[in-house]
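1. Got a predicted structure here, sequence first:
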Amino acid sequence: MGSESSSPKLLFLDFSKPEVMTQGSPEWETLRSQVREALQEYGCFEASYDDIPSHARSAIFGATKELFELPLETKLRNVSEKPFYGYIGQVPGLQLYESLGIDDADVSEKVETFTNTLWPQGNPSFCKTIHSYAEQLSKLDKIVRTMIGESFGLDKYMDEHFDSTNYLLRVMKYNCPNNLDNIALGMNSHTDKNIVTILLQNQVEGLEVQTKDGSWIKFQPSSPTSFIVIIGEALNAWLNGRLYSPYHRVMMTGNEVRYSLGLFSVPKAGYMIKAPEEVVDKQHPLVFKPYDHAEFLSFYHTEAGRRATSALHAYCGI
Ligand SMILES: O=C(O)CCC(=O)C(=O)O
Ligand SMILES: [Fe+2]
């Protein structure tokens, strides 16, 4: 146990079969238990999801490259009043990493605004590719959340829950380390603070996920078309800590550039994340006071928030 060579693989769950996608079918219920099991144990799983076919995946990586090839001064136009939603790059200690954020990427007018900021003359094919990817993948996010909600008996809260979240698409590039054999940090170890994250990477590996016992699993997809679903602290807080929100990081080796896309479901400002009574009992006493995600993020981005082992516990732990 514990060594990287013998480390377990993440569970592989198949969201491609139509029977599985019919809410209430026996296949749906089987998958729902597997989702719950995977998220309790690892906080993440590998997913196959054919609703984004291979030509759409090629298109999204084409659009991603096109975006990163823009001059730096153009990419810097991607700004946002929300911290860390805009362009990020040239960060000291994180030189390989560069990313841009598209808020409300499932809403076509928002993607159009983003596109026109970077291409004032317009770029309809980029716009369409990004929007249809986000829109299609948001369905997988909703399936996963519906399954989790059902498995905890929270069906009656789901409409409000979905209405209180939106989607950020973050497009990421990790340059390769200069020296071969030189492992380099692509992204620091962190937990996601949002609800659910769904990642797609090009063929270049690098993502590692920490298990409860502290060992690191390298994400080695069973298929190059797989997604990885990771849950964030906001979902775990809503569920009164009943799942596990894993630390993960990106370690780069070799001489190929890694591209990845993360679709993040995020609580809207003003939505109080409060564990419903169904998930609180004697065995599971309340872990967090109700909190507003946007206010928590402001704390997280302070010195005290960054230094805390768990920023969420420091902010609103009981
Ligand atoms: O690029 C990846 O695979 C991981 C990205 C990630 O963890 C994040 O953006 O939160
Ligand atoms: Fe992450």
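-> Right, received. Where do you want to start? Ligands and ions are numbered 1, 2, ... in the order given.
2. The residue nearest to residue 116 when sequence neighbours are not counted: neighbouring residues, count only.
-> Closest residue in space to residue 116, ignoring its immediate chain neighbours: residue 122 at 6.4 Å, by C-beta to C-beta, 6 or more residues apart in numbering. (C-beta placed from N, C-alpha, C; glycine too.) Using other C-beta atoms under 10 Å, the number of residues around residue 122 comes to 11.
3. Likewise for the one 3 residues further on?
-> If you count neighbours by other C-beta under 10 Å, residue 125 ends up with 13.
4. Then residue 166?
-> Residue 166 has 18 neighbouring residues, counting by other C-beta under 10 Å.
5. if we can go back for a sec, in a helix, that's where the residue nearest to residue 116 is, yeah?
-> No - according to DSSP: H, G, I helix; E, B strand; the rest coil, the state of residue 122 is coil, so it is not within a helix.
6. CA atoms of stretch 287-302 as CSV?
-> The C-alpha coordinates for stretch 287-302 follow below in CSV (Å, rounded to 0.1, in the frame of the first residue of the first chain):
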residue,chain,number,x,y,z
VAL,A,287,-19.3,20.0,10.3
PHE,A,288,-19.7,23.6,8.9
LYS,A,289,-21.8,26.6,9.7
PRO,A,290,-23.8,27.8,6.7
TYR,A,291,-21.6,30.0,4.4
ASP,A,292,-21.6,32.1,1.3
HIS,A,293,-19.1,30.7,-1.3
ALA,A,294,-18.1,34.1,-2.7
GLU,A,295,-17.4,35.4,0.8
PHE,A,296,-15.4,32.3,1.6
LEU,A,297,-13.3,32.7,-1.5
SER,A,298,-12.4,36.3,-0.4
PHE,A,299,-11.1,34.7,2.8
TYR,A,300,-9.3,31.9,0.9
HIS,A,301,-7.4,34.5,-1.1
THR,A,302,-6.1,36.2,2.1
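7. Give me the contact list for that stretch.
-> Under the contact criterion C-beta atoms under 8 Å, 6 or more residues apart in numbering, stretch 287-302 has outside partners 82-84, 193-194, 234, 237, 240-241, 266-275, 305-306, 311-318.
8. and those residues, which are buried?
-> Buried members of the contacts of stretch 287-302, scored by 16 or more other C-beta atoms under 10 Å, are 193-194, 234, 237, 240-241, 266-267, 271, 273, 275, 305, 311-312, 315-316.
9. among those, which are in reach of ligand 1?
-> Counting by C-beta under 6 Å from any ligand atom, nothing from these sits close to ligand 1.
10. Could you tell me which of those belong to strands?
-> If you go by DSSP state E, the buried ones among the contacts of stretch 287-302 have 266-267, 273 in strands.
11. SS state for the residue in the stretch 201-318 of the chain positioned nearest to ligand 1?
-> Nearest to ligand 1, among the residues of the stretch 201-318 of the chain, is residue 260, at 3.5 Å (C-beta to the nearest ligand atom). Counting by three-state DSSP, the backbone at residue 260 sits in strand.
12. what bridges to it?
-> residue 172, residue 201 (DSSP bridges).
13. in a strand, that's where residue 85 is, yeah?
-> No - judged by three-state DSSP, residue 85 forms no part of a strand; its state is coil.
14. Isn't it up against residue 100?
-> No - if you go by C-beta atoms under 8 Å, residue 85 and residue 100 don't touch, sitting 9.3 Å apart.
15. Who is the spatially most central residue of the chain paired with across the strands?
-> Nearest to the mean C-alpha position of the chain, by C-alpha atoms, centre = their mean, lies residue 197 at 1.9 Å. For residue 197, the beta-bridge partners are residue 230, residue 264 (DSSP bridges).
16. Against ligand 1, how distant is it?
-> 6 Å (C-beta to the nearest ligand atom, to the nearest Å).
17. what separates that residue from residue 236, distance-wise?
-> Distance from residue 197 to residue 236, counting by C-beta to C-beta, to the nearest Å: 12 Å.
18. isn't residue 119 right up against residue 113?
-> No - in this structure residue 119 lies outside contact range of residue 113 using C-beta under 8 Å: 11.5 Å.
19. Show me what from the stretch 151-300 of the chain comes close to ligand 1.
-> 170, 172, 187, 192, 199, 201, 207, 248, 250, 260, 262.
20. pLDDT score assigned to the nearest residue to the first one once chain neighbours are set aside?
-> Distances taken as C-beta to C-beta, 6+ apart put residue 262 closest to residue 170, at 4.6 Å, once the chain neighbours are dropped. On pLDDT, residue 262 comes in at 98.
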